[in-house]
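# Give the three-dimensional model of this entry:
(one chain, ligands or ions: 1)
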Amino acid sequence: MMNFHVLTLFPEMVLNGLNTSITGKAVKNGLINIEATDIRNYSKDKHNHVDDYPYGGGAGMVMQPMPVYDAYIDAVKNMNGTKRVIYLTPQGKVFNQRMAEEFAKEENLIFLCGHYEGIDERVLDKIVTDDVSIGDYVLTGGELAAMVMIDAISRKVDGVLNNSESSEIETFYDNLLEYPQYTRPEVWEGERVPEVLLSGNHGKIEEWRRQKSIERTCDFRPDLLAKANLSDKDKNYLAEYKSRKK
Ligand code: 6GU
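The predicted model follows:
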């Protein structure tokens with residue numbers, strides 16, 4: 001079973017979010033385990049402070065090393081198997097699907113969430129194995145980033161998604177965006193579902209879906225298209241689509 005352990009000042013935020021929907025069901029089914037430690041419980045200060053002013057001056061506060069380290073030591077005390085400690089930081093390597101698949105092979109993942117202006121570098125040097133960012137924007141803390149990563153990693157764990165196909169055949173698997181989907185009614189607000197989808201001709205439907213994936217990727221993520229595995233037929237369609245667009 002995959003074990004996620006989050007070191008945070010806001011454990012309820014992480015647990016409330018992840019105990020909902022598909023990840024929540026995976027927890028109930030014993031496929032993943034999610035724990036959160038409140039770093040504040042490891043303060044030795046009478047006011048439960050875990051932060052202090054930065055040496056050298058400057059804005060904001062810095063999380064002190066000792067409560068973070070003690071929380072980490074307690075978290076790993078009864079942990080068996082592989083362990084990685086992921087520090088959520090905009091300075092980290094940008095998270096992607098390949099990393100989600102790699103992390104999903106580990107037994108234990110520990111997520112360290114910082115707040116304020118960050119965490120004292122000395123404890124980061126001692127415990128962190130991976131620095132990860134979830135994109136080029138700034139969050140108020142690492143919790144949402146940890147939740148994003150845990151969601152993406154969980155769905156790569158066997159049994160979490162009911163349909164074994166649905167995880168593999170999707171955006172980024174083949175570096176192509178997904179084709180559009182339709183359901184009932186057949187006509188909504190005067191708009192019809194594309195006729196080919198009602199034809200019952202599965203060969204034609206597959207061909208149409210592949211074409212729509214190629215079109216969307218060309219329109220919205222041409223950077224992905226360069227990495228996509230296109231057949232000669234796909235390439236011909238792409239060339240035809242591009243000339244049609246001009
Ligand atoms: Cl991992 N943490 C914070 N605080 N902000 C971020 C981020 C992480 N990734 C993007 N922005």
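
# Give me the distance from stretch 23-38 to the chain's centre.
Distance of stretch 23-38 from its chain centroid, counting by CA atoms, centre = their mean, to the nearest Å, is 16 Å.

# buried stuff in it?
23-24, 26-27, 31-32, 34, 36-38 (16 or more other CB atoms under 10 Å). C-beta: built from backbone N, CA, C; applies to glycine.

# now do stretch 215-224
Across stretch 215-224, burial judged by 16+ other CB under 10 Å covers 215-218, 221, 224.

# May I have that stretch exported as PDB, CA atoms only?
The C-alpha trace of stretch 215-224 is given here as PDB (Å, rounded to 0.1, in the frame of the first residue of the first chain):
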ATOM      1  CA  GLU A 215      -6.500  19.100 -34.100                       C
ATOM      2  CA  ARG A 216      -6.700  20.200 -30.400                       C
ATOM      3  CA  THR A 217      -3.100  19.500 -29.700                       C
ATOM      4  CA  CYS A 218      -2.200  21.500 -32.800                       C
ATOM      5  CA  ASP A 219      -4.400  24.400 -31.700                       C
ATOM      6  CA  PHE A 220      -3.700  24.500 -28.000                       C
ATOM      7  CA  ARG A 221      -0.500  22.600 -27.300                       C
ATOM      8  CA  PRO A 222       1.700  22.600 -30.400                       C
ATOM      9  CA  ASP A 223       4.700  22.000 -28.000                       C
ATOM     10  CA  LEU A 224       3.200  18.500 -27.200                       C
END
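
# State the distance from the residue of the chain positioned farthest from its centre to Leu198.
For the chain, the largest distance from the centre (CA atoms, centre = their mean) belongs to Gly190, which lies 37.6 Å off. Distance, Gly190 to Leu198, using CB to CB, to the nearest Å: 17 Å.

# per the record, what domains does this structure have?
1-153, 168-243 (the TED database).

# Have a look at the protein and report the helix or strand with the lowest mean pLDDT.
Between all helices and strands in the chain, the lowest mean by mean pLDDT, DSSP states H and E belongs to helix 164-168, at a mean of 56.

# Using TSV, lay out the domains of the chain together with distance to Leu161.
Listed next are the domains of the chain as TSV, based on distance: least, CB to CB, whole Å:
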stretch	distance to Leu161
domain 1-153	7
domain 168-243	10
